[in-house]
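Q: Provide a 3D model corresponding to the input given below.
(one chain, ligands or ions: 2)
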Amino acid sequence: MSGEVISAKDVVKKFGDKIAVNKVNLSVFRGEIFGFLGPNGAGKTTTIRLLAGALEPDDGDIRILGKDYKNDAIDIKRRIGVVPDEPPRFKNIKGKEFLKFIASVYKCEKDVYDRLDELCELLNIDFLNDYIDNYSHGMKQKLMVASVVMRKPDIMFLDEPTTGLDPYSARGLKLLLRRIADDGSAIFLTTHILEIAEKMCDKLTVIANGEIVAEGTVEQLRQKAGMKGDLEEIFLQLTGADETEIRKLVNEL
Ligand SMILES: Nc1ncnc2c1ncn2[C@@H]1O[C@H](COP(=O)(O)OP(=O)(O)OP(=O)(O)O)[C@@H](O)[C@H]1O
Ligand SMILES: [Mg+2]
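A: Ligands and ions are numbered 1, 2, ... in the order given. Below you'll find the model as predicted:
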């Protein structure tokens, strides 16, 4: 096996007249932390939803772990995990009960609970006996991360995973994701935090207006943008933003 676990070819997704994802091609391998960057509304979350089987593409081909959703949806979904940008709402259920439920649905082995104890320590989760309704945003986010990581999926999709996490938990999550990738899984994450993109990701892809505008390592992006600057400047350049325009607008306020 080539190790390619995510393959997207000319994938298109429209919402009415809006083309949210336009002929996107992606390739992600085992052991990689893949960073997906782009301005608000660029198509990142839509792409994650397509790759995770929550949306159907209008055109193109998606293969996850060498399989497609038409024939093997259940098998794929058992082997991937998704941490969405907004945690889902839960009524009248405690964190512990939710994790038990997930462990039983996914038929996790018994050692899942040993792993869970370590995860809780790493992410500072000490609230599993409380109702999820009463959690803060960051607490819900961490619960979602734990519920996915404990299953040891082959691919993890994380949509802006550090948003809402305190520095201790964010650090724990970053180290954890590196270890999961080094153990052979693939991590697909979106982020607006360019420091995370630069320090954590093995490969970056930049999307703007639904189209991929650049991909490669930070160094390769730097070359493509034809500049020496930091990733923020490169990002602005690649996504067609005009720094002078931003400054002008601020001055006019
Ligand atoms: N369910 C939907 N119905 C209609 N339009 C949608 C829907 N989901 C996304 N869109 C549109 O598709 C485009 C891409 O949205 P998407 O959520 O993928 O952006 P994003 O890159 O994740 O942005 P952000 O950085 O703000 O999270 C936007 O124009 C958005 O309005
Ligand atoms: Mg998004």
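Q: Could you use CA atoms for every contact and neighbour count after this?
A: Fine.
Q: residues from the stretch 101-250 of the chain in reach of ligand 1?
A: Residues of the stretch 101-250 of the chain found near ligand 1 (CA under 6 Å from any ligand atom): none.
Q: So D159 versus E97, what's the distance?
A: With distances defined as CA to CA, to the nearest Å, the gap from D159 to E97 amounts to 24 Å.
Q: right, I mislabeled it, should have said S104
A: For S104, the distance to E97 under the criterion CA to CA works out to 11 Å.
Q: of these two, who's got more company?
A: Taking S104 and E97 together and counting by other CA atoms under 10 Å, E97 has the greater number of neighbours (15 against 11).
Q: Would you list the phi and psi of the more buried one?
A: Dihedral angles of E97 (phi, psi; degrees, to the nearest 10) stand at phi -70, psi -40.
Q: Please renumber the chain so that the first residue is 858 from this point on.
A: Fine by me, first position is 858 from now on; the one you just mentioned is E954.
Q: Which pLDDT value belongs to it?
A: E954 carries a pLDDT score of 95 in this model.
Q: do the same with the one 3 residues further on
A: K957 is assigned a pLDDT of 93 by the prediction.
Q: likewise the one 3 residues further on?
A: On the pLDDT scale, A960 is placed at 92.
Q: Could you grab the helix/strand/coil label for it?
A: Here A960 is helix, with the state taken from DSSP: H, G, I helix; E, B strand; the rest coil.
Q: Spell out which residues sit in contact with it, please.
A: By CA atoms under 8 Å, 6 or more residues apart in numbering, A960 lies in contact with V969, R1008.
Q: one more time with 10 Å
A: Applying CA atoms under 10 Å, 6 or more residues apart in numbering to A960 gives the contacts E954, E966, K967, V969, Y970, S1004, V1005, M1007, R1008.
Q: Mind listing what's buried along stretch 927-940?
A: I933, K934, R936, I937, G938, V939, V940 (16 or more other CA atoms under 10 Å).
Q: just the residues you listed now: which is nearest ligand 1?
A: In terms of CA to the nearest ligand atom, no member of the buried residues of stretch 927-940 lies closer to ligand 1 than V940, at 13.3 Å.
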